[in-house]
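> All I have is the shape, not the residue letters:
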């Protein structure tokens, strides 16, 4: 007999259960890797619809609800059961976008204005574009760069992607390739950075960022220089050496201290850059330098960290800057005065990324991804399995974060969180559970 269709997705994992929805439109299967994959059963091409992740052990049983809008799953570890809302318009389980075809972690560049997510495999050059409503891969192409640390940046209008890393054509690390995503063509390749090293590991261009209006692109290099480019003519506007200190890394002692991250202020009129460390202690740690882009003049230089700084971000009003770094360093400074406003304690792991929420009341840090209340300086929520790389949707309602199994998309809206929680449990949540899991005093009657 000849198969009508073949559905793939579990690689070499042993399948543990399979089920077809009552309406005959969805095929679900589970494997020993603890995931559940849903396919379109009407599609002979084997199109994946969703990958559900969250169980800590193999899933041993699954069942659809009579209306085909929910699926229940049972884990082998402690008999943990979950109910997932899989209806197209429902709140649903947080969508997990599976890794590339090689099952490698994906780096999220950002959301396009129409809600699609652009990613790249951390160990390959494949650029992928996903529909975040369904988790479907809608397009992909070879970006010709193997990522180094921060693979690149998406333009605010979602049209262009600036890629860094090792060029697979020339083998060089000091280039930035600009892609037109619609045409899947290179617009230009930027050259301007020289040799250097950051963190004793990273080479070439370490971080890139678009200005909010997309008119400028900033590139920060391991060579210790930041360059601001005009994106219309692709010419250099400014080129600065950031840190007067030299690198501490073997073979690079005569080179400027390397850079780690770069960010524009929300109005696009200021630029912040962070650096590697040069020695132990506050005077040897990472530096933050901020420039006025209208005049090209330095606003402030902040040397107030015991270790290197890996991530930097402006507050929505542009008056504050936050940075995270090695050994749990996480601090907030006043831009105009260069003075520290707050130091967030309780972390020991390296922070790699930092974001402000649009209302300016919370900070999101990556490494071990956590959401912090700025007023109380307390961690409100820690996202399990998140590795650090992350982007916010333009409206601030959803966070896409890198995990070991792909890209997790989380809701940051309390009402949507509550709707998801209610879709998964078969009884009302207690007040204690609301405080622990949803950070609400009560969930109300259900």
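Arrived safely, thanks for sending. Nothing here was measured: the structure is a model prediction, and the numbers come from that model.
> who touches stretch 194-206?
The contact list for stretch 194-206 (CB atoms under 8 Å, 6 or more residues apart in numbering) reads 148-150, 164-166, 172-176, 193, 219-225, 247, 249, 251-252, 255-256, 258-261, 276, 308. Every C-beta, even on glycine, is put in place using the N, C-alpha and C of the backbone.
> Show me which of these are buried.
Neighbour-count burial (16 or more other CB atoms under 10 Å) is assigned, among the contacts of stretch 194-206, to 148-150, 164-166, 173-176, 193, 219-225, 247, 249, 252, 255-256, 258-261, 276, 308.
> From these, which land in strands?
Of those, the ones assigned to strands by DSSP state E are 166, 175-176, 219-221, 225, 259-261.
> now, among those, which is nearest to residue 114?
If you rank those by distance to residue 114 using CB to CB, residue 176 comes first, at 25.2 Å.
> The spatially closest residue to that closest one that is not a sequence neighbour: neighbouring residues, count only.
Nearest non-adjacent residue to residue 176, counting by CB to CB, 6 or more residues apart in numbering: residue 190, 4.1 Å away. By the criterion of other CB atoms under 10 Å, residue 190 has 21 neighbours.
> For residue 190, list the residues it contacts.
Residue 190 touches 175-178, 217, 219, 229, 234, counting by CB under 8 Å, 6+ apart.
> In which helix or strand does it reside?
strand 185-191 (DSSP states H and E).
> Any buried residues in that strand, and which?
For strand 185-191, a neighbour-count test (16+ other CB under 10 Å) marks 189-190 as buried.
> three-state assignment of residue 263?
strand (DSSP: H, G, I helix; E, B strand; the rest coil).
> who's in contact with it?
Residue 263 is in contact with 209, 271-272, 312-314, 321, counting by CB under 8 Å, 6+ apart.
> and which of the residues you listed is nearest residue 30?
Among the contacts of residue 263, and counting by CB to CB, the member closest to residue 30 is residue 313, at 38.9 Å.
> Can you name the element that comes right after the helix or strand encompassing the closest one?
Using DSSP H and E, residue 313 maps to strand 309-314. Where DSSP H and E defines the elements, the next helix or strand beyond strand 309-314 is strand 320-325.
> which residues sit against that following strand?
Contacts for strand 320-325 (CB under 8 Å, 6+ apart): 260, 263, 272, 274, 285-286, 288, 290, 305, 307-315, 329-335, 341, 350-354, 356, 363, 365-367.
> separation between residue 266 and residue 400?
Distance, residue 266 to residue 400, using CB to CB, to the nearest Å: 20 Å.
> Looking at the two, which is more packed in?
For residue 266 versus residue 400, neighbours defined as other CB under 10 Å are more numerous around residue 400 (25 against 18).
> Specify the beta-bridge partners of the more buried one.
residue 391, residue 409 (DSSP bridges).
> That one against residue 391, yeah?
Yes. Contact criterion CB atoms under 8 Å: residue 400 and residue 391 qualify, at 5.2 Å.
> Before I go, just wanted to say thanks for your time.
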